[in-house]
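In: Give me a 3D structure for the following:
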Amino acid sequence: MEPFPALEYLPLRSDALRLDRICPADLVRLRRMEEEEDFQRVTCRPVRTRTDEELLEQYQTALSQRTLLIAGLYLPEQDEPIGKLTAGDYNPRNGSAELGYYLAPAYRGNGCMAKALNAFCACLFQTFGLNKVYAQTGAFNQSSVRLLERTGFQRDGVLRQHHPWNGVLWDDYLYSLLAKDLTA
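Out: Okay, the predicted model is just below:
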């Protein structure tokens, strides 16, 4: 997996939120929150149960090898993250990366993640010179679909019957945002 070229991109601040570095222990805590909500809902990939120690090692490795960019999402003047944004699967050949995001349930529905996603994408385009960021979400996950569409992502395709959840094989939607779309 290709490493990202640099990591001196944080913090990103606005009046309502801060994207900043996040420690592996906080990533484990957020992962456990995701699992409480049914982690299989947010990924179509195989889900392997990991101990806290295994997750810590996984996050430490990804951060040290720069194969995954992770920004913690914080409210101003708070030290505990309320969410995270990730960029992985960096491809320097076509200038792309895959996005992931998570926001704790108590903070949803107020536009916080949309602001964070816009700031994160702008940073990826400007700091890393990416041409495209893309995301994949289950057709049943309407809050994620609305988030991506509200932030300017275009639906590029459908992976039919791709995402098992609650005993059904759902379609997955593929979305992308181009650097030129953000500045248009």
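In: List the contacts of the host helix or strand of residue 175.
Out: In the assignment (DSSP states H and E), residue 175 maps to strand 168-178. Residues from elsewhere that reach strand 168-178 (CB atoms under 8 Å, 6 or more residues apart in numbering): 44, 121, 131-140, 145, 148-149, 151-164. Backbone N, C-alpha and C define where each C-beta goes, glycine included.
In: With just CA atoms, put the top helix by length along the chain into PDB.
Out: Looking across the chain with DSSP state H, the single longest helix is helix 112-128. Presented in PDB, the C-alpha positions along helix 112-128 are these (Å, rounded to 0.1, in the frame of the first residue of the first chain):
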ATOM      1  CA  CYS A 112     -21.100  18.800  11.800                       C
ATOM      2  CA  MET A 113     -19.900  15.900   9.600                       C
ATOM      3  CA  ALA A 114     -20.800  17.800   6.400                       C
ATOM      4  CA  LYS A 115     -18.500  20.700   7.500                       C
ATOM      5  CA  ALA A 116     -15.800  18.300   8.500                       C
ATOM      6  CA  LEU A 117     -16.000  16.300   5.300                       C
ATOM      7  CA  ASN A 118     -15.700  19.500   3.200                       C
ATOM      8  CA  ALA A 119     -12.700  20.700   5.200                       C
ATOM      9  CA  PHE A 120     -11.000  17.300   5.000                       C
ATOM     10  CA  CYS A 121     -11.600  16.900   1.200                       C
ATOM     11  CA  ALA A 122     -10.300  20.500   0.600                       C
ATOM     12  CA  CYS A 123      -7.200  19.600   2.600                       C
ATOM     13  CA  LEU A 124      -6.700  16.300   0.600                       C
ATOM     14  CA  PHE A 125      -7.000  18.200  -2.700                       C
ATOM     15  CA  GLN A 126      -4.800  21.200  -1.700                       C
ATOM     16  CA  THR A 127      -2.200  19.500   0.600                       C
ATOM     17  CA  PHE A 128      -1.800  16.200  -1.200                       C
END
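In: Now the element after it, going C-ward?
Out: strand 132-138.
In: Can you spell out which helices and strands pack onto that next one?
Out: Counting contacts by 3 or more CB pairs under 8 Å, 6 or more residues apart in numbering; DSSP states H and E, strand 132-138 is packed against strand 96-103, helix 112-128, helix 142-150, strand 154-165, strand 168-178.
In: what lines up beside it in the sheet?
Out: Applying DSSP bridges to the sheet, strand 132-138 is found paired with strand 96-103 (parallel), strand 168-178 (antiparallel).
In: buried sites along stretch 98-106?
Out: For stretch 98-106, the neighbour count (16 or more other CB atoms under 10 Å) marks 98-104 as buried.
In: Any chance you could list what contacts that stretch?
Out: 30, 33-34, 37, 42, 73, 82-89, 112-113, 116-117, 120-121, 133-136, 147.
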